[in-house]
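>>> need a structure here:
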Amino acid sequence: MMIIIGRPTAILNRLIAALAPSKPPLFMSDLQSWATLAEQARTYHALCVIINLDLNFIDLETLGPAWAQPLLLPYLIGMTNDKACGFTAFKYGLNDVYGPGDCAIQVVKRYHQAIRYFNEYLYFESGKKKLYLKSNEILFLKADNYTTDLFLTSGQTIPLFNTLKSYAAYLPSSFVRIQKSVVINTQFLYAVESTKRKCWLIGYSGILTYSPIYIKNPTLLVRQPENRFDCV
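Sure thing, here's the model as predicted:
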């Protein structure tokens, strides 16, 4: 299922045809807030939202940066005939921006790549238990001497009896080491405070600190879609 915000246009129809959804898209007349969009996406199990940025009601500055919202937003594709609008949309956190001269197939390829990696299972062992987890079920990993604690979005903390380094070697690209003992899943990173080197994760009440040795430009962790959606 995908959600379309705005009226059908030629450029929109090409993109819908290229994505070839198994179900007809859901059309919404406007974009009231990121919170409303996230709620609609969860309700209809929509992994993709296409937004017609050329409509007058789309005000990204009013909505604020999508990457700064503590919400689980789906993959956001913007459509526009205005190059300046396209740059603004990417700045505000849309994952892809599609213009009249772009090839719809390339946009679709990036989208499917993102969703495929986003849903990929990761394997861990905890004692006699064998764990198969999706990347979007993991918030962060924290070293505890020679063992590692795995923090999940469900609120669970699972002990893993191996070093953090051994896990960091095969985690997807959305997992980034922010200090010697912590690797976070940047899909859930929604805010950073560079002056005090702090960051916050969706679904975690604590505050994590990062080291300039590992993170030289923390805002890029949130703004880059390849980190947010685990693209290669």
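
>>> Where does pLDDT dip in the protein?
Scanning the chain for pLDDT under 70 picks out 20-22, 70, 101-102, 113-120, 219-232.

>>> So the residue nearest to Pro218 when sequence neighbours are not counted: helix, strand or coil?
Closest residue to Pro218 apart from its sequence neighbours, by C-beta to C-beta, 6 or more residues apart in numbering: Val192 at 4.3 Å. Using the backbone N, CA and C atoms, a C-beta is placed for each residue, glycine as well. Here Val192 is recorded as strand under DSSP: H, G, I helix; E, B strand; the rest coil.

>>> can you count the residues close to Val192?
Using other C-beta atoms under 10 Å, the number of residues around Val192 comes to 22.

>>> And it, how far from Tyr98?
Here Val192 is placed at a distance of 29 Å from Tyr98 (C-beta to C-beta, to the nearest Å).

>>> any residues touching stretch 31-50, and which ones?
1-5, 12, 15-16, 19, 25-26, 28, 51, 57-58, 63-64, 66, 69, 71-79, 111, 115 (C-beta atoms under 8 Å, 6 or more residues apart in numbering).

>>> What distance do you get for Leu73 to Gln179?
Look at Leu73 and Gln179: by C-beta to C-beta, they are 27 Å apart.

>>> Provide the secondary structure category for Tyr111.
Here Tyr111 is recorded as helix under three-state DSSP.

>>> ugh, typo on my part, it should be Pro159
Strictly by three-state DSSP, Pro159 counts as strand.

>>> Just list the residues touching it, thanks.
Each residue near Pro159 by C-beta under 8 Å, 6+ apart is listed here: Ser126, Gly127, Asp144, Thr147, Thr148, Asp149, Leu150.

>>> which one of these has the most neighbours?
For the contacts of Pro159, neighbours tallied by other C-beta under 10 Å; top is Thr148, 24 neighbours.

>>> Please verify my assumption that that one contacts Tyr167.
Yes. Assessed by C-beta atoms under 8 Å, Thr148 is found in contact with Tyr167 at 6.1 Å.

>>> measure Ser211 to Thr186 for me?
16 Å.

>>> Between these two, tell me which one has more neighbours.
Thr186 (25 against 14).

>>> Next, count neighbours for Cys103.
Cys103: 11 neighbours (other C-beta under 10 Å).

>>> who does whichever helix or strand Lys130 is part of touch, helix- and strand-wise?
Element membership for Lys130, per DSSP states H and E: strand 129-134. Strand 129-134 sits against strand 121-126, with contacts defined as 3 or more C-beta pairs under 8 Å, 6 or more residues apart in numbering; DSSP states H and E.

>>> partners of the strand it packs on in the sheet?
If you go by DSSP bridges, strand 121-126 pairs up with strand 129-134 (antiparallel).
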